[in-house]
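# Below is the sequence, then the predicted model.
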Amino acid sequence: MLAMRIPAALSRLAILALFSFAAGVSAAPVEITFYYPVAIGGSATKIVDDLVAEFEKANPDIKVKPVYAGTYQESIGKALTAAKAGQPPDAAVILAADIFSLIDAGVILPFDQFVKTDADKNWINGFFPVYMLNSQSGGKTWGIPFQRGTTLFFWNKDAFKEAGLDPEKGPQTWEEVVDFAKKLTKRDAGGNVTQWGMQVPSSLTSYWLLQGYVAQNGGKLAELSGDKTHFDSPEVVEALQYWVDLALKHKVMKSGVIEWGTNAKDFFERRTAMFTTTSGNLTNVKTSATFPFGVQILPGHKKRGAPTSGGNFYLFKTSSPEKQAATFKMIQWLTSAERSAEWSIKTGYVAPRDDAWQTTAMKNYVASFAGAKVAYGQLQYLVPELATHENQRVARSIDDGIEAALTGKKTPEQAMKDSQREAERILSRYR
Amino acid sequence: MHAAVSNPAVAGPAGSRTPVLAWLLLAPAVVLLAAFTHVPALMTLVNSLYSTPAANRPARFIGSDQFRDMLSDPVFMSALKNNAVYALGTVPASIALAILMALIVNSSIRGRTWLRMSFFLPTVLPMIAVANIWLFFYTPSYGLVDQILGIFGVHGRNWLGNPDTVLACLMALAIWKEAGFFMIFYLAALQQISPNLKEAAAIEGAGRFYFFRRVTFPLLMPTTLFVLINALINAFRVVDHVIVMTKGGPDNASALLLYYVYNVGFKYWDTGYAAALTVVLLAIMGILAFAQFTIFDRKVHYQ
């Protein structure tokens, strides 16, 4: 029975193939899937759905299936698992910092082979160079900047007034931060702190906050090649020392590890007068703060500096060139000047192209909300985010070190030495 | 099979078919167990002896290398230590609490049904939800714990952000969550105990505590063994709260073994090392279960 059915099924398939061939390429739409993380909450899904619908309308020969794959962490997990099972998505938005993990797994394609026309070249050259640093390796472009961000500095203007500080001026240097924070830290009669001066989140991906301090101190965490870290260099140790001192020496920051979520809530609850967080939180602060707040770029030390962050589009290795071409078309469309501006306005991410900032929509938005312009002003000081081979593991080793230093279990020097040793162990085989 | 052959009633012409029938009846369970438990366990053992494959680097046999690496892996060592502390801290405490709660709700106090329900409530809540609620309890300054302590003039603490307190915080949650579940087993066991014993003890003039120590507790031993095994397994098996509340931090002070296995396997994609870690975890649980059965088995059946 079974043996008889197979030829029948085969012939049916052949007929089907003939049909679709005869019907012509234009009538049979190419279907592509892309994995997308919902790290920024509720409304993002609708924004993506709207964009996709608009793209499909402009390109009737392509059907797009967006798959909401959870957090960044879960998205890369799902994409890698699917690729290992031979069913990779056509595209995915995954952390820019995970570039080496994806290259090493052999699941993504460089964009270079698809960039052919002058329009293509203009498009790919239109991204801010600093956002491309995390997107290129070995002379090839592996990621297209999509939802990118940086760190911003916020303060409570009411608290500034109470402490006798100018509410319109945030601190500009490391010293000023300590100085202001001392004035802003309030204690009750029993010595309990009711309002901290300053808070920096430190529960995981704390390397990202440290990276800002390191850049301001004239150092760097790692080489762009992704196979060498400098965790125990003097610039890094000094930067960590400054951070630790805020809590343990100056006592203007809550000691121990500070949760990302609690950090922002502490600000809204007036438990901290100043704090740093991702630019992706800008819209959240704007809607949740019940008092006037100030936002600015990070205070400097030897110079200004802040790390980039966020997700890139990656093009996955699939069997069909038609699907790859369609996917490239979609990515190009979603990261064009107009769409970048639209995406940035709706989500709070930093548009990664200069021409997006020149669109009318963006100009109107900046005119209505000055905070939106702050991240743009910081672009010239940005440094690429830490990205190495086995990035999650290397990042965890320095995160552990930072936590050990912040909780007083190790000196910054010892902590960074231990982290560097672990990073060396992991990275030595990639050189 | 042996029983079938030695039993004259089913031996004979029909006897040869019985094993086939028996295996057919067992087949669904055997297939499921084999496919999802035994084969993966064996594959894990095999994988633990091979390096992690990469795009241009196929897996190769490296023997016990990965097991040797563990000895110099500080995260593994602290996860192992944390898990030991966690098990020693949560298992006896939740069993003691479960017995106490069972005794209370088994007595004839008023509002018994309400008490039973409130003791059992933590069990029916999903761990993820519970962990999120407790995350609020532990929030520094304005969390529930600090608000209550504040009434007594105690300073706010960064409970989960301090390596000295974080594990204890997770353990408190685990005890609260587990005790209600174990209480149900003890309650059932208590209701099996004949009231004659209590009357006899009362006539003999035995005190309540003496009666518990010499009669009730020994009679509960089979339940205790069952609960003990389950509690120990849970101490190594449940890490949802770690993921929600601390991600193993600060500096791995709250990392448990299974959470580390998950990280190595699905965040670092070092599947070979994750397999080796899993083998160690399985070995620990196997040894614990074996020890409990051999040591306690003789003592638990109190006739």
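The structure has been received and is ready for your questions.
# From here on, just use CA atoms for contacts and neighbour counts.
Noted.
# all strands for the chain, in order.
Went with chain A since none was named. Assigned by DSSP state E, chain A shows strands spanning A:30-36, A:62-68, A:91-95, A:108-109, A:136-137, A:140-141, A:144-156, A:186-187, A:193-199, A:272-278, A:293-296, A:306-316, A:382-383.
# Sorry, I should have been clearer: chain B.
When secondary structure is read from DSSP E, chain B shows no strands.
# residue boundaries of the helices in the stretch 151-300 of chain A?
For the stretch 151-300 of chain A, the helices defined by DSSP state H, counting those that start in this stretch cover A:157-162, A:174-184, A:206-216, A:234-248, A:260-268, A:282-288.
# low-scoring pLDDT stretches of chain A, where are they?
By pLDDT under 70, the low-scoring segments of chain A are A:1-27, A:39-43.
# now the residue sitting nearest the centre point of it: how far from A:Pro352?
Within chain A, one residue has its C-alpha closest to the average C-alpha position: by CA atoms, centre = their mean, that is A:Gly310, at 1.2 Å. A:Gly310 sits 11 Å away from A:Pro352 when distances are taken as CA to CA, to the nearest Å.
# joint contacts of those two?
Contact criterion CA atoms under 8 Å, 6 or more residues apart in numbering or on different chains; residues shared by A:Gly310 and A:Pro352: A:Phe146, A:Gln147, A:Arg148.
# rewinding a little: among the helices of the stretch 151-300 of chain A, single out whichever gets nearest to chain B.
helix A:260-268 (7.4 Å; CA to the nearest CA).
# now for that closest one, which elements pack on it?
The helices and strands touching helix A:260-268, judged by 3 or more CA pairs under 8 Å, 6 or more residues apart in numbering or on different chains; DSSP states H and E, are strand A:272-278, helix A:282-288.
# If we use 10 Å, what do you get?
Helices and strands touching helix A:260-268, by 3 or more CA pairs under 10 Å, 6 or more residues apart in numbering or on different chains; DSSP states H and E, are strand A:144-156, strand A:193-199, strand A:272-278, helix A:282-288.
# Nearest approach to B:His38 belongs to which of those?
Set against B:His38 and scored by CA to CA, those come closest in strand A:144-156, at 43.9 Å.
# List the buried residues of that closest one.
Of the residues in strand A:144-156, those buried under the neighbour-count criterion (16 or more other CA atoms under 10 Å in any protein chain shown) are A:144-156.
# what angle do that strand and helix A:260-268 make?
Using axes from the mean of the first three to the mean of the last three CA atoms, to 10 degrees, the inter-axis angle of strand A:144-156 relative to helix A:260-268 is 40 degrees.
# about what we covered before: now distance to chain B too, for the strands of chain A, in JSON lines please.
As requested, these are arranged in JSON lines below (distance: least, CA to the nearest CA, whole Å):
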{"stretch": "strand A:30-36", "distance to chain B": "17"}
{"stretch": "strand A:62-68", "distance to chain B": "19"}
{"stretch": "strand A:91-95", "distance to chain B": "13"}
{"stretch": "strand A:108-109", "distance to chain B": "11"}
{"stretch": "strand A:136-137", "distance to chain B": "17"}
{"stretch": "strand A:140-141", "distance to chain B": "18"}
{"stretch": "strand A:144-156", "distance to chain B": "19"}
{"stretch": "strand A:186-187", "distance to chain B": "11"}
{"stretch": "strand A:193-199", "distance to chain B": "8"}
{"stretch": "strand A:272-278", "distance to chain B": "11"}
{"stretch": "strand A:293-296", "distance to chain B": "22"}
{"stretch": "strand A:306-316", "distance to chain B": "14"}
{"stretch": "strand A:382-383", "distance to chain B": "25"}
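# Out of those strands, flag the one nearest B:Leu256.
Ranking those by distance to B:Leu256, with CA to CA as the measure, places strand A:91-95 first at 26.6 Å.
# Taking strand A:30-36 as reference, get the angle to that closest one.
Counting by the same axes, to 10 degrees, strand A:91-95 lies at 10 degrees to strand A:30-36.
# tell me which strands and helices strand A:91-95 is in contact with?
Secondary elements touching strand A:91-95 (3+ CA pairs under 10 Å, 6+ apart): strand A:30-36, strand A:62-68, helix A:72-84, strand A:144-156, strand A:306-316, helix A:321-334.
# Pull out the CA atoms of that strand and give them to me as PDB.
These are the backbone C-alpha positions of strand A:91-95, laid out as PDB (Å, rounded to 0.1, in the frame of the first residue of the first chain):
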ATOM      1  CA  ALA A  91      16.000  36.900   9.700                       C
ATOM      2  CA  ALA A  92      16.100  37.700  13.400                       C
ATOM      3  CA  VAL A  93      16.700  40.800  15.500                       C
ATOM      4  CA  ILE A  94      19.300  39.700  18.100                       C
ATOM      5  CA  LEU A  95      21.800  41.600  20.200                       C
END
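# what about that strand, distance to the chain center?
Taking CA atoms, centre = their mean, to the nearest Å, one finds strand A:91-95 lying 11 Å from the centre of the chain it belongs to.
# Show me what A:Gln199 bridges to in the sheet.
In this structure, A:Gln199 has the following beta-bridge partners (DSSP bridges): A:Phe275.
# Could you give the number of residues near it?
Neighbour count of A:Gln199, defined by other CA atoms under 10 Å in any protein chain shown: 26.
# And A:Lys249, by the same measure?
Neighbours around A:Lys249, by other CA under 10 Å: 12.
# Can you give me the pLDDT of the most centrally placed residue in chain B?
For chain B, B:Asn234 is the residue whose C-alpha lies nearest the centre (CA atoms, centre = their mean; 1.6 Å). Predicted confidence (pLDDT) at B:Asn234: the value is 90.
# who in the stretch 1-150 of chain A is up against chain B?
Proximity of the stretch 1-150 of chain A to chain B, by CA under 10 Å from any CA of the partner chain, involves residues A:73-74, A:76-78, A:80-81, A:101, A:103-107.
# Thanks again, I'm all set now.
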